[in-house]
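>>> Give me coordinates for this.
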Amino acid sequence: NTLLAKAMQTIRVTEPERIIVIGSNKWQSANTFDVLKVPADKNIILSFHFYEPFPLTHHLASWTYIKNYSGPVHYPGVLLSKEEFDALTPDQQAIAKDWVGVEWNIEKLEQMMQLPLQKSKELGLPLYCGEYGVIDSAPDADKIRWYNDMISVFNKNGIASANWNYKSGSFGLLNGDGVKNEAMIQEVIRK
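As a prediction, the model looks like this:
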C-alpha cells in the first residue's frame with residue numbers, strides 16, 4: 001500500500017490521466033483485496049489473479065510445493081475423494097491431506113472473487129482478472145470445465161480477463177512452438 005501510494009503520486013505528476021492497473025499483494029491474490037488501499041483516482045483498473053483450486057491449476061508444476069503430487073484431482077465436485085486419498089502412498093498423502101473431500105464448483109469460484117468484486121463496486125472501478133489458467137498436465141476434461149466456469153463467472157460479473165498465458169508450453173492456448181491447443185480453443189474460447 002505504501003509503495004502503491006508513492007508510485008501513484010509520482011506517476012500522476014507527469015501522467016494525470018493515464019489508466020493504471022493495480023492489484024493487491026501476494027501475487028494480486030483475490031483473498032488479499034480487503035487490505036488493498038486504493039488511491040482516490042478515477043483512472044484505475046483493479047486487477048487480481050486467480051488459480052484456485054491450486055492442486056488442479058498447478059498439477060505437477062515443478063516450481064510449486066505440490067510438484068511431487070501425481071495423484072488425481074477433479075473439477076467440479078470433490079477435488080480428491082477419501083477413497084482416492086486412501087489409495088495414495090504416504091508421501092502423496094502428506095502433500096494432499098488438506099484436499100480430501102473438499103468440494104469445488106462455480107459457486108465457490110465466484111465466492112472466492114467477492115473481495116475484488118466488492119472493492120470494484122464500492123469504488124466504481126473496473127475489475128480485471130489479469131491472470132488465470134490451468135497447467136497442461138492437469139486432466140483435460142476437468143481443465144475445460146474449470147475454464148468454462150471461470151468464463152461464466154467473469155461474464156456474469158463484468159470482469160475483463162486474460163488467460164495465463166497465450167503462448168507457452170504449459171499454460172498456453174498455443175503451445176511453445178506456436179501450435180494451437182485446439183481442444184481448449186474449441187471447448188472454451190469459442191463458447
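
>>> residue boundaries of the helices in this structure?
2-14, 25-28, 54-57, 82-86, 90-96, 106-112, 114-123, 140-157, 182-184 (DSSP state H).

>>> Which of those has the highest mean neighbour count?
Burial of those is given as mean neighbour count (mean count of other Cβ atoms under 10 Å); helix 54-57 ranks first at a mean of 21. For glycine as for every other residue, the C-beta is placed from the backbone atoms N, C-alpha and C.

>>> per-residue confidence averaged over it?
Averaged across helix 54-57, pLDDT comes to 98.

>>> that older thread, indicate which one of the helices of the chain is closest to residue 175.
With distances scored as Cβ to Cβ, the stretch of those nearest to residue 175 is helix 182-184 (10.5 Å).

>>> other SSEs contacting that closest one?
helix 140-157 (3 or more Cβ pairs under 8 Å, 6 or more residues apart in numbering; DSSP states H and E).

>>> Switch the helices of the chain over to TSV; also include distance to residue 66.
Output for those, formatted as TSV (distance: least, Cβ to Cβ, whole Å):
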stretch	distance to residue 66
helix 2-14	30
helix 25-28	16
helix 54-57	6
helix 82-86	14
helix 90-96	6
helix 106-112	18
helix 114-123	24
helix 140-157	15
helix 182-184	22
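
>>> Tell me which of those sits nearest to residue 69.
helix 90-96 (4.3 Å).

>>> that older thread, and the helices of the chain: which comes nearest residue 34?
Nearest of these to residue 34, taken as Cβ to Cβ: helix 114-123 at 5.1 Å.

>>> That'll do, ta.
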